[in-house]
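A.B. asks: no sequence for this one, just the structure:
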């Protein structure tokens, strides 16, 4: 009978031969502890293949450090899958693992450096192409050289964690085996270890991390950025006569209220006298809970005369209460200052953490604020109502959508909406995208012939479908093909998305392809760095707001030269 080749390799110094899922390694001599750093041939092949696949292109340029982390994690995943595959293979003949032939390990040791070097070289070429597409010039050769060593360290860390959990499982199963049967002891031990791991990761590590960050950012919320001062006008929250205290607005609220274009800036752009825009904001310390904050913000909006302005904008913030300056500044420029903007804070945490843990708060805030504003707006005589707009960026689009049930609701209760970089889990975004017209791509779908809702990768180059009427309320989603916030989804683990199988967007490599597990981790790793690219790529939206708002509001008399000038103004601010 031929010998099986799925057993352990010759032990490296300090390593013992056996597999993580193939039963325990040979029992150590009395008095010697069990060794943890041993590997198996099936696991090594799986780890090598996945490590090579980790260099395939994703959405954004990756530095050497993050590439090393991705490589280490994917290699650990591949190792586990290799071990699992070997265990399943052995289950059919119901036999224990056997040591591989010597030539099997020789083949691996010869193939591994060749395959890894080839993948590493291709990866650097793909990264160069992505950087060229986006105009990225940052490139650290030392970090690139260090990336394989980072990958090895990350791989070993995950391997040791896995071995530690397996050791805990075996100890618990042996302990339970004193009172119950062997199979029952294994089953209970496995469930207990999985449950304990989940509780530690989600309850202790994750929640502990969130609590620490929450405390840190709540302290920052009491401070004010340099150059930001309390307003001297009653047209802003925290100013004279305002119902909302300046010290309750929080860090981001004070940034929003204390900045923005001046009347002189607006007049210089429009070429005629402008009005001072109204800005209203309620922080977490302004009132207790989203509904109370929204009610207070609406009262302050009414006090400041916001409902007497021609244009009224409801913004759902992101993360720590941030309002994208480019979004609101553009709105104020295009309205000549005849506008009012209102927003509330729902979290202390920065956007990338809120994206993971504060989704319910974003929903509650978005729904509460719009309902409160709409309730007061609807009581006005129809001829005296301002044009009511809704906007949000990133997680703000998720909260803003919460106030509406669908396309008709958006059209009936707003004059228009502008959403930038919507997360993939947005309810309405997914509804519009999943039911797009046949033949339209996921990266720029067309929904119901574009009668109300439209999508654009770059509104400066047009908003499809060209030539189709866009009457009434206009709802526009702006999304870059390279924005990981838009495309990240747990479904990437097992399913190839349409945005990869279809022709890619303008700033995504044509060579991108989907690999189970690997693509998910690559896009996940892109999330924290989604704004670290030039404007117009990733999750960085700036000058696009000019053409986006122009399309949604379609103000009369605006020239192409003015649009070009405003793009420069907003880009400079960004």
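C.D. replies: Arrived safely. In this text, all values refer to a predicted model and were calculated from it rather than measured experimentally.
A.B. asks: CA only for contacts and neighbour counts going forward, please
C.D. replies: OK.
A.B. asks: for the helix ranked longest in the chain, name the packing helices and strands.
C.D. replies: Ordering each helix of the chain by length in residues (DSSP state H) puts helix 141-176 first. Applying 3 or more CA pairs under 8 Å, 6 or more residues apart in numbering; DSSP states H and E, we find helix 141-176 packed against helix 64-91, helix 182-198.
A.B. asks: residue 266: which of the ones you listed is closest?
C.D. replies: helix 64-91 (42.8 Å; CA to CA).
A.B. asks: list the buried ones in stretch 101-116?
C.D. replies: Neighbour counts over stretch 101-116 (16 or more other CA atoms under 10 Å) mark 101, 105, 112, 116 as buried.
A.B. asks: residue 98: what secondary structure?
C.D. replies: Secondary structure assignment for residue 98 (DSSP: H, G, I helix; E, B strand; the rest coil): coil.
A.B. asks: now do residue 115
C.D. replies: Strictly by three-state DSSP, residue 115 counts as helix.
A.B. asks: surely residue 515 is in a helix?
C.D. replies: No: using three-state DSSP, the secondary structure at residue 515 is coil, not a helix.
A.B. asks: picking that back up, in the longest helix of the chain, what's buried?
C.D. replies: Buried residues in helix 141-176, counted by 16+ other CA under 10 Å: 143-144, 147-152, 154-156, 158-159, 162-163, 165-170, 172-174, 176.
A.B. asks: that one - what's its average pLDDT?
C.D. replies: Helix 141-176 carries an average pLDDT of 90.
A.B. asks: and the angle from that helix to helix 182-198?
C.D. replies: For helix 141-176 against helix 182-198, the angle by axes from the mean of the first three to the mean of the last three CA atoms, to 10 degrees is 140 degrees.
A.B. asks: follow-up on the earlier one: tell me which of the buried residues of stretch 101-116 fall in helices.
C.D. replies: Going by DSSP H, the helices hold 105, 112, 116 from the buried residues of stretch 101-116.
A.B. asks: can you list these in a markdown table and add pLDDT?
C.D. replies: A markdown table is the format used below for these (pLDDT from 0 to 100):
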| residue | pLDDT |
| --- | --- |
| 105 | 90 |
| 112 | 96 |
| 116 | 97 |
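A.B. asks: going by distance to residue 311, which of those residues wins?
C.D. replies: Comparing these against residue 311 with CA to CA picks out residue 116 as the nearest, at 58.3 Å.
A.B. asks: what does the pLDDT read for the residue nearest to residue 429 when sequence neighbours are not counted?
C.D. replies: Once flanking residues are discounted, residue 429 sits nearest to residue 422: 7.3 Å by CA to CA, 6 or more residues apart in numbering. We have a pLDDT of 96 for residue 422.
A.B. asks: kindly report the same for the one 3 residues further on.
C.D. replies: Here, the pLDDT recorded for residue 425 equals 92.
A.B. asks: surely it is in contact with residue 489?
C.D. replies: Yes: Residue 425 lies in contact with residue 489 (CA atoms under 8 Å); the separation is 7.4 Å.
A.B. asks: what's the neighbour count on residue 426?
C.D. replies: Residue 426 has 18 neighbouring residues, counting by other CA atoms under 10 Å.
A.B. asks: assign the closest residue to it other than its chain neighbours to helix, strand or coil.
C.D. replies: Nearest-residue entry for residue 426: residue 398, 5.4 Å, with adjacent residues in sequence omitted and distances by CA to CA, 6+ apart. For residue 398, the assignment made with three-state DSSP gives helix.
A.B. asks: count of residues packed around residue 398?
C.D. replies: Using other CA under 10 Å, residue 398 has 30 other residues around it.
A.B. asks: who's in contact with it?
C.D. replies: The contact partners of residue 398, taken as CA atoms under 8 Å, 6 or more residues apart in numbering, are 359, 362, 363, 392, 422, 423, 426, 427.
A.B. asks: quick one: it from residue 536, how far?
C.D. replies: Noted for residue 398: a distance of 21 Å to residue 536, by CA to CA, to the nearest Å.
A.B. asks: ok, now residue 405?
C.D. replies: For residue 405 relative to residue 536 (CA to CA), the value is 30 Å.
A.B. asks: okay, those two: which has more neighbours?
C.D. replies: Legend: neighbour count by other CA under 10 Å for residue 405 and residue 536, higher for residue 536 (20 against 11).
A.B. asks: looking at this, the more buried one is in a helix?
C.D. replies: No: read with three-state DSSP, residue 536 is coil and lies in no helix.
A.B. asks: could you check the pLDDT of it?
C.D. replies: Residue 536 carries a pLDDT value of 93.
A.B. asks: ok, it - contacts?
C.D. replies: Residue 536 touches 458, 480, 542, 543, 544, counting by CA under 8 Å, 6+ apart.
A.B. asks: now the first one. Nearest residue, chain neighbours left out?
C.D. replies: With sequence-adjacent residues excluded and distances taken as CA to CA, 6+ apart, residue 458 is closest to residue 544, at 6.7 Å.
A.B. asks: okay if I get the ones in helices among the buried residues of stretch 101-116 as TSV plus distance to residue 293?
C.D. replies: Shown next, in TSV, are those (distance: CA to CA, whole Å):
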residue	distance to residue 293
105	66
112	59
116	56
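A.B. asks: which one of these is nearest residue 221?
C.D. replies: The nearest member of these to residue 221, counting by CA to CA, is residue 116 at 47.1 Å.
A.B. asks: check contacts around the nearest residue to the closest one once chain neighbours are set aside.
C.D. replies: Of all residues not flanking residue 116 in the chain, residue 52 sits nearest, at 5.7 Å (CA to CA, 6+ apart). Contacts for residue 52 (CA under 8 Å, 6+ apart) come out as 71, 115, 116, 119, 120.
A.B. asks: farthest-apart pair in those, please.
C.D. replies: 71 and 115 (13.9 Å).
A.B. asks: sorry, back to before: please compute how far the longest helix of the chain lies from its chain's middle.
C.D. replies: In terms of CA atoms, centre = their mean, to the nearest Å, the centre of helix 141-176 is set 26 Å apart from its chain centre.
A.B. asks: one step back: and the residue nearest to residue 116, helix, strand or coil?
C.D. replies: Applying three-state DSSP: residue 52 is helix.
A.B. asks: still on that earlier bit, just give me the closest of the contacts of residue 398 to residue 512.
C.D. replies: Distances from residue 512 to the contacts of residue 398, taken by CA to CA, are shortest for residue 423, at 20.8 Å.
A.B. asks: ok, and the closest non-adjacent residue to that closest one?
C.D. replies: Nearest to residue 423 is residue 486, by CA to CA, 6+ apart, at 4.6 Å.
A.B. asks: could you name the helices and strands sitting against the helix or strand harbouring the one you found?
C.D. replies: Take DSSP states H and E as the rule and residue 486 turns out to sit in helix 484-487. Applying 3+ CA pairs under 8 Å, 6+ apart, we find helix 484-487 packed against helix 518-526.
A.B. asks: who does the helix it packs on touch, helix- and strand-wise?
C.D. replies: Applying 3+ CA pairs under 8 Å, 6+ apart, one finds that helix 518-526 contacts helix 64-91, helix 484-487.
A.B. asks: in a markdown table: those, plus mean neighbour count, mean pLDDT and distance to residue 249.
C.D. replies: What follows is the helices and strands packed on helix 518-526, written out as a markdown table (neighbours: other CA atoms under 10 Å; pLDDT from 0 to 100; distance: least, CA to CA, whole Å):
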| stretch | mean neighbour count | mean pLDDT | distance to residue 249 |
| --- | --- | --- | --- |
| helix 64-91 | 23 | 91 | 36 |
| helix 484-487 | 25 | 95 | 27 |
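A.B. asks: can you put the ones you listed in a markdown table and add distance to residue 308?
C.D. replies: Shown next, in a markdown table, are the helices and strands packed on helix 518-526 (distance: least, CA to CA, whole Å):
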| stretch | distance to residue 308 |
| --- | --- |
| helix 64-91 | 51 |
| helix 484-487 | 36 |
